[in-house]
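>>> Following is a predicted model, sequence given first.
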Amino acid sequence: MVPSEVLGRTLSVGDFGSFASILAGLVVGGLRTASYGVGQAYLRVGAGILVNSLILPSLPDFRSFGRGLGMGGSGR
């Protein structure tokens with residue numbers, strides 16, 4: 001638990017890290033696309049999406065997401 005007197009600073013550090021990782025991902029993605037080519041970039045991104053779409057539904061926490069929150073789940 002974070003004390004309330006430093007909660008704002010803690011949240012701002014988390015926000016900064018999130019935005020910095022977005023920028024770093026854009027830079028790394030651009031460099032890798034420039035070195036491997038656009039076709040390879042699309043192939044790798046497509047493979048990553050495919051792997052995620054096969055793995056995520058098998059996780060119990062993912063399957064139960066939204067239950068009991070009024071999001072169409074059965075509430076069990």
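Great, that's in hand. Residues are numbered from 1 along each chain as shown.
>>> any idea how far the spatially closest residue to Leu56 that is not a sequence neighbour is from Ser53?
Once flanking residues are discounted, Leu56 sits nearest to Phe62: 5.0 Å by C-beta to C-beta, 6 or more residues apart in numbering. To be clear about C-beta, it is placed using only N, CA and C from the backbone, and glycine gets the same treatment. According to C-beta to C-beta, to the nearest Å, Phe62 and Ser53 sit 11 Å apart.
>>> Just give me the longest helix of this structure.
Identified as the longest helix of the chain according to DSSP state H is helix 7-36.
>>> Contacts for the helix or strand following it, please.
Downstream of helix 7-36, the next assigned helix or strand under DSSP states H and E is helix 38-55. Under the contact criterion C-beta atoms under 8 Å, 6 or more residues apart in numbering, helix 38-55 has outside partners 29, 32-33, 36.
>>> hmm, 7 Å instead?
32-33 (C-beta atoms under 7 Å, 6 or more residues apart in numbering).
>>> so how far is that helix from its chain's centroid?
14 Å (C-alpha atoms, centre = their mean, to the nearest Å).
>>> go on, stretch 10-17?
The chain centroid and the centroid of stretch 10-17 are separated by 16 Å under C-alpha atoms, centre = their mean.
>>> still on that earlier bit, what's the longest helix of the chain packed up against?
On a contact count with 3 or more C-beta pairs under 7 Å, 6 or more residues apart in numbering; DSSP states H and E, helix 7-36 meets no helix or strand.
>>> Check which residues of that helix are buried.
By neighbour count on 16 or more other C-beta atoms under 10 Å, the buried set for helix 7-36 is Thr33.
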